[in-house]
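*Asks:* fold the stuff below for me.
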Amino acid sequence: METLPPNGRASPARGGAQRCSRFKHLTVALSSAESAAGPPTYTLSYCSKTWGSTRPPAQARSVVERVHDHLTWEVCDNQPFFDGETEPCINGAVVALGAYFGERRAALVDRLLGEQLEDGGWNCQAPPSTRSSFHSTIRVLEGLLQYEKSYGASAAITATRLGGQAYLLERRMLRSLRSSEVIDRRWTRFAFPPTWHYDVLRGLDYLRSADVKPDERIFEAVEIVEKRRHQNGLWPLNVQHTEIVFDMDVGVERASYWNTLRAHRVLDWAQRHARSQPPRDSLVAQECRSLQVQAEPTPKV
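*Replies:* The predicted model follows:
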């Protein structure tokens, strides 16, 4: 495995594949730090946040201190890691990690607020692009939400975040606003951790965490999550993204307890509000069937 010293620097790469390289360097650096610290603290912290813990485990503090003191962005003249870099998708993740671990960065949040596009979302390729990306948008939304949970809501952050989640809802969590076609069918397959990738389970879990009241715009996405459950009642790990450099789940096509946890939370959230919603119309059901989400072999437990 590639390793970086405690003063390792994140890659100055640009673009989609290069962004993966930056994430990989970051995770390797964190893994190197935790090797010196003892237990797998970064993995524990990521899972702790997903589990729903409002406070990170105490073991993570030594790793966070090492990141704070040594990890920098070479692309930004060796700027400290928690000060962020140039792309909103990266900075959204930095804001989320920083807010969870007590590294508050108001200036980075202000930058994200100023980078919101007219359609409500964000895109790491803007400019020149003027259209938002689901991938960039979900990471910024997660960062802003964690910041508000850690430090309290503000009118500016909340308004910006509501505009971003409206971007997802207007597109029914996976469809083009112009053509109504599914943008990417890979979004119906679920990974953990999702890294910078969007999928409908991740989008729905954000809405649940933000305490959004479900409406008919999420029905199709919820049905996709329901269809991914296997006969044993668990959800599999459909995808494992190549940026992950250490194991955080049981393996592709096996029952994933992290996907199962997130799926159960999403379905419970949707069902709590179901009584106040009108019946699902046949068009939504027809659109969902058109996705042809195929049943997969029952995963091994």
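*Asks:* could you use CA atoms for every contact and neighbour count after this?
*Replies:* OK.
*Asks:* the helix or strand harbouring Thr158 - contacts with which helices or strands?
*Replies:* Using DSSP states H and E, Thr158 sits within helix 155-170. If contacts are counted by 3 or more C-alpha pairs under 8 Å, 6 or more residues apart in numbering; DSSP states H and E, helix 155-170 sits against helix 106-114, helix 134-151.
*Asks:* tell me which of those helices lies nearest to Ala159.
*Replies:* Of all the helices and strands packed on helix 155-170, the one in closest proximity to Ala159, counting by C-alpha to C-alpha, is helix 106-114 (9.5 Å).
*Asks:* could I get the buried residue list for the closest one?
*Replies:* Going by neighbour count (16 or more other C-alpha atoms under 10 Å), the buried part of helix 106-114 is 108-109, 112-113.
*Asks:* ditto for stretch 147-154
*Replies:* Under the neighbour-count criterion of 16+ other C-alpha under 10 Å, stretch 147-154 has 147, 150 buried.
*Asks:* could you export that stretch as PDB, CA atoms only?
*Replies:* Output in PDB follows, covering the C-alpha atoms of stretch 147-154 (Å, rounded to 0.1, in the frame of the first residue of the first chain):
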ATOM      1  CA  TYR A 147     -21.700  22.700  10.200                       C
ATOM      2  CA  GLU A 148     -25.200  23.800  11.300                       C
ATOM      3  CA  LYS A 149     -25.600  20.800  13.600                       C
ATOM      4  CA  SER A 150     -22.300  21.500  15.200                       C
ATOM      5  CA  TYR A 151     -22.400  25.300  15.500                       C
ATOM      6  CA  GLY A 152     -26.100  26.300  15.100                       C
ATOM      7  CA  ALA A 153     -28.200  27.300  12.100                       C
ATOM      8  CA  SER A 154     -27.900  30.700  10.400                       C
END
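*Asks:* and stretch 124-131, end to end?
*Replies:* Stretch 124-131 has an end-to-end distance of 10 Å (criterion: C-alpha to C-alpha, to the nearest Å).
*Asks:* need the residue closest to the centroid of the protein.
*Replies:* Central residue of the chain (C-alpha atoms, centre = their mean): Arg139, 5.2 Å from the mean position.
*Asks:* quick one: pLDDT of that one?
*Replies:* According to the prediction, Arg139 has pLDDT 95.
*Asks:* measure it to His230 for me?
*Replies:* 28 Å.
*Asks:* where does the stretch 101-250 of the chain dip in pLDDT?
*Replies:* Scanning the stretch 101-250 of the chain for pLDDT under 70 picks out the ranges 244-246.
*Asks:* could you rerun that using 80?
*Replies:* Counting by pLDDT under 80, the stretch 101-250 of the chain contains low-confidence ranges at 243-250.
*Asks:* ok so, going back, let me see the contact set for the residue nearest to the centre of the chain.
*Replies:* 89-90, 92-93, 196 (C-alpha atoms under 8 Å, 6 or more residues apart in numbering).
*Asks:* and for Val212?
*Replies:* Under the criterion of C-alpha under 8 Å, 6+ apart, Val212 has no contact partners.
*Asks:* three-state assignment of it?
*Replies:* coil (DSSP: H, G, I helix; E, B strand; the rest coil).
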